[in-house]
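# Any chance you can model this:
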Amino acid sequence: MLIGPIFSRELVTAPRRPQHFVYRGVYGLALFVLMYTAFLVFYGTQTSFTIGDLAKFGSILFLILAPLQLALLTFLAALRAASAVALEKDKKTILLLLMTRLSNHELVLGKLLASLLDVFVMLATALPIFMLLTLFGGVSPAQVVRVFAVTLATILAAGSLGSTVALARDKTFQSLAMTALILVIWVAGFEALALAGSGPLATFAAAASPVRAILSAAHPFRDTLGLWAIDTWFVLVALAASALLNALAIARLRVWNPGRELLVKKDEEEEKDQRTEEPGEKNQRTKEPKNQMKNSAFGSLVLGSSEFDPEAARQTHVDARVRAVGQKSRQVWDNPVLWREMCTWAYGRKVLIIKVVYVLLFAMALAAIVWSLRTGAAYARASETILPAAALPLAPFFLVSLVIVNALAVTSITNERDGGSLDLLLVTDLSPKEFLFGKMGGVAYVTWEMLAGPLILSLVLFFAGALTFENLLYLILGLAVMDLFVITLGIHCGLNYESSRTAIGVSLGSVFFLFLGVVTLLMFMISFSSSYQIQLTPFLAFVVGGSVGLFVTLGNRNSSSAIGWAALLLPFATFFAITNFLVDHIAAAFLVSSATYGFTTAAMLVPALYEFDVAMGRSKVPGEE
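Take a look at the predicted model:
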């Protein structure tokens, strides 16, 4: 088989896992709930129905669900591909795979497609559900096929990107952060080129933008554009990018692995040993072993000596050996966890590359804000536009900042577990407060650029006059609450899930789904209704489903009453905040959302401090049934 035994094994073992059926079942049910919610919202604003109204409803719903599915599955594909390879490297099992008879293409392609199998199943599950939209009218089967072709090509490109980046990097956080940054730069960069460019450059940028491709494929008049439209060109570009990324990974697989940092560290230690060796020490070690044996206690007996010198025995013991130190040792703080996070390269030196790429993304967001200020779009009043033009570049930038911070928080725990050092930390005299606050402080220190970047952009809008002082205060305090929430969420998931892959998926997925849920609610309310505050009944299934999902994910091992209340209140509070934001009640939206997310943070943090319990993957003791 061309792909190799890794993918073949995944095909055989995947149906044995309950998650394989849970993913497609939950995804299919979620699509049905979204369709039902949208219909209830639309039904509540209509006094009578005509065939044209239903066709319009189907067309608008299709234009909402197609980009929503693209964003969701692209995120899952990139995350699963990157985390699957990164965890192999964390557990050192990648070395075992490299020592087998697997060829490079079997290892790279097999691991990629095995990690994307559940995503492919979810996409296949959605196909008949999307076909149901054609019954409303306004949507043709050809549109559905084109949308799924664009989505499939994007999934392959995103998965190939995540797999290649993870093979080239040595740390899980590096892989996840670089993948997220490159994805955002891919989408935002080509979209900016398509808007600002002209001629062939704008055409190429539009053909390489997944946003424009999915909107072109879902457009009602796409059939009149012929075969070679934007979406067709995008599919070809995405498939070509996937092929190039996988070819690079196949060619450089055994160059990138084993990790270069490990080899460099070993060479540096050998050079250090040679430098600290005394001049006569090497010659002393190469003397004939008979003299060494004679000077030892055991050697005196073997060589026939009747005298036993205890002092000579003590001097030759390993505890009596003294070695010259060539440099002064560093002073460790009272909290060694915080000292390690802040004073050492705990997550690798290549974190600097992530920061450079993030600065590039910051520059792109700043340029978009400056452009909106010069054109005057950022100064539009709330009555003229629901979502300000400045919010369009800020929203994805804020999201990627929160995702990177959350990724570092969860991997700070999973890396300790996979490296076997978490067991050692738990048997030391470190208190839970020292461990948890040390990790949280270290995460904030390493990712301070991701915490400061959104604040700087907010200040730019304030000093330009596009943001009032009151709204600036709400924005800064809200960002602080969300930063603390995502850090605590990452550490909570890392401590409560014994599988590192599950912990990373749940943590990052929770942040992404909260953002995606807010966007979905906004789009539904704006598209199908103008009465925002009376739409709780249509969205009730959506909100209740979110509460159940949060309780299952957050209360995996410690389902306390506080986590139960947080899971129950958070979706309702989010709905309340969105509706108040749409009717320009900013203060109410800020107070409710900040109080709810703050309470959820406390619900996760307090049990970790006072009932310190870590999932170590050992649920049974020997001999237990």
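
# right, and the helix or strand after the host helix or strand of Phe576?
Remark: Phe576 resides in helix 561-582, with elements defined by DSSP states H and E. Next along the chain after helix 561-582, taking DSSP H and E as the criterion, comes helix 586-610.

# coming back round to it: residues making contact with the helix holding Phe576?
The contact list for helix 561-582 (CB atoms under 8 Å, 6 or more residues apart in numbering) reads 386, 514, 517-518, 521-522, 525-526, 532-533, 535-536, 539, 542-544, 546-548, 550-551, 554-555, 586, 588-590, 592-593, 595-597, 599-600, 602-604, 606-607. C-beta coordinates here come from the backbone N, C-alpha and C atoms, glycine included.

# which intervals of this structure have sub-threshold pLDDT?
By pLDDT under 70, the low-scoring segments of the chain are 1-2, 44-49, 196-199, 222-228, 259-329, 380-389, 528-538, 558, 611-613, 615-625.

# What's the biggest helix in it, counting residues?
helix 51-90 (DSSP state H).

# So which bits of that helix are buried?
By neighbour count, with 16 or more other CB atoms under 10 Å as the criterion, the buried positions of helix 51-90 are 54, 56-90.

# before we move on, what about stretch 543-561?
Applying 16+ other CB under 10 Å to stretch 543-561 flags 543, 545-547, 549-551, 553-556, 558 as buried.

# again, but for stretch 564-572
564, 566-572.

# how about a markdown table for those residues, with distance to Ser115 added?
A markdown table is the format used below for the buried residues of stretch 564-572 (distance: CB to CB, whole Å):
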| residue | distance to Ser115 |
| --- | --- |
| Gly564 | 33 |
| Ala566 | 31 |
| Ala567 | 29 |
| Leu568 | 34 |
| Leu569 | 35 |
| Leu570 | 30 |
| Pro571 | 30 |
| Phe572 | 35 |
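
# closest to Val403 among those?
Leu570 (18.5 Å; CB to CB).

# Look up how far Val506 lies from Leu554.
9 Å (CB to CB, to the nearest Å).

# what's the neighbour count on Ala603?
23 (other CB atoms under 10 Å).

# In helices, which of the buried residues of stretch 543-561 appear?
Going by DSSP H, the helices hold 543, 545-547, 549-551, 553-554 from the buried residues of stretch 543-561.

# For Ser500, state which of those residues is nearest.
Ser500 lies nearest to Thr553 out of those, by CB to CB, at 15.6 Å.

# hang on, isn't the closest one packed against Ser510?
Yes - the criterion here is CB atoms under 8 Å, and Thr553 meets it with Ser510 at 6.0 Å.

# list residues touching both of these two?
In contact with both Thr553 and Ser510: Cys493, using CB under 8 Å, 6+ apart.

# Specify the local secondary structure of the residue nearest the centre of the chain.
Centroid check for the chain by CA atoms, centre = their mean gives Leu508 as the closest residue, at 4.5 Å. Counting by DSSP: H, G, I helix; E, B strand; the rest coil, the backbone at Leu508 sits in helix.

# Now do it against His585, distance only.
31 Å.

# Give me the distance between Trp186 and Leu161.
The value you get for Trp186 to Leu161, if CB to CB is used, is 8 Å.

# Who has more neighbours out of the two?
Just comparing Trp186 and Leu161: by other CB under 10 Å the higher neighbour count belongs to Leu161, 23 against 19.

# Contacts for stretch 235-245, please.
149-150, 153-154, 156-157, 159-161, 163-164, 207-208, 210, 213.

# Show me these that map onto helices.
149-150, 153-154, 156-157, 159-161, 163-164, 207, 210, 213.

# and which of these is nearest His20?
Nearest member of the ones in helices among the contacts of stretch 235-245 to His20, counting by CB to CB, is Gly159, at 17.4 Å.

# I figured the closest one hits Leu79, correct?
No - look at Gly159 against Leu79 with CB under 8 Å: they stay out of range, at 9.4 Å.

# can I see the domain layout of this protein?
5-261, 336-610 (automatic domain parsing).

# With Arg330 as the reference, name the closest of those domains.
domain 336-610 (7.1 Å).

# got the contact list for Thr520?
34, 64, 68.

# So which bits of the helix or strand harbouring it are buried?
Using DSSP H and E, Thr520 maps to helix 500-528. Within helix 500-528, the residues that qualify as buried are 500-525, 528, counting by 16+ other CB under 10 Å.

# Compute the number of surrounding residues for the closest residue to Lys91 other than its chain neighbours.
Excluding the flanking residues, the one nearest Lys91 by CB to CB, 6 or more residues apart in numbering is Asp418, at 5.3 Å. By other CB under 10 Å, the residues close to Asp418 number 18.

# 17 is where my numbering starts, stick with that
In the new numbering, first residue 17, that becomes Asp434.

# give the contact list for Asp434.
With CB under 8 Å, 6+ apart, Asp434 has these contacts: 103, 106-107, 516.

# what do you get if the cut-off is 10 Å, keeping everything else the same?
Going by CB atoms under 10 Å, 6 or more residues apart in numbering, Asp434 touches 102-103, 105-108, 188, 427, 516.

# farthest-separated two in these?
Across the contacts of Asp434 (CB to CB), the longest gap, 16.3 Å, separates Lys108 and Thr427.

# More neighbours: which of these two?
Thr427 (30 against 13).

# secondary structure class for that one?
Under three-state DSSP, Thr427 comes out as helix.

# is it true that it touches Lys187?
Yes - contact criterion CB atoms under 10 Å: Thr427 and Lys187 qualify, at 7.5 Å.

# Find the residues that touch each one of these two.
By CB under 10 Å, 6+ apart, the residues touching both Thr427 and Lys187 are 102, 106, 193, 363.

# in whichever strand or helix holds the third one, what's buried?
What that stands for is Ala193. In the assignment (DSSP H and E), Ala193 maps to helix 188-212. By neighbour count with 16+ other CB under 10 Å, helix 188-212 contains the buried residues 188-210.

# still on that earlier bit, which of the ones in helices among the buried residues of stretch 559-577 lies at the shortest distance from Tyr461?
Among these, and counting by CB to CB, the member closest to Tyr461 is Leu570, at 25.8 Å.

# In contact with the closest one, which residues?
Taking CB under 10 Å, 6+ apart as the test, what Leu570 contacts is 505, 508-509, 512, 522, 526, 576, 579-580, 582-583, 586, 616, 619-620.

# Tell me how far it lies from Phe501.
Distance from Leu570 to Phe501, by CB to CB: 12 Å.

# what's next to stretch 32-47, contact-wise?
Against stretch 32-47 from outside (CB under 10 Å, 6+ apart): 26, 29-31, 81, 84-85, 88-89, 92, 133-135, 137-142, 144-146, 148, 518, 529, 557-558, 561, 565.

# Flag every buried residue along that stretch.
Neighbour count says stretch 32-47 has 36, 39-40, 43, 46-47 buried, by 16+ other CB under 10 Å.

# can you check stretch 106-113 too?
106, 110, 113.

# Name the nearest of those relative to Leu452.
Distance to Leu452, by CB to CB, is smallest for Asp106 among these, at 21.5 Å.

# and the residue nearest to that closest one when sequence neighbours are not counted, how far is that from Val527?
Leaving out its chain neighbours, the residue that sits closest to Asp106 by CB to CB, 6+ apart is Asp434, at 4.0 Å. Between Asp434 and Val527 the computed distance is 22 Å (CB to CB).
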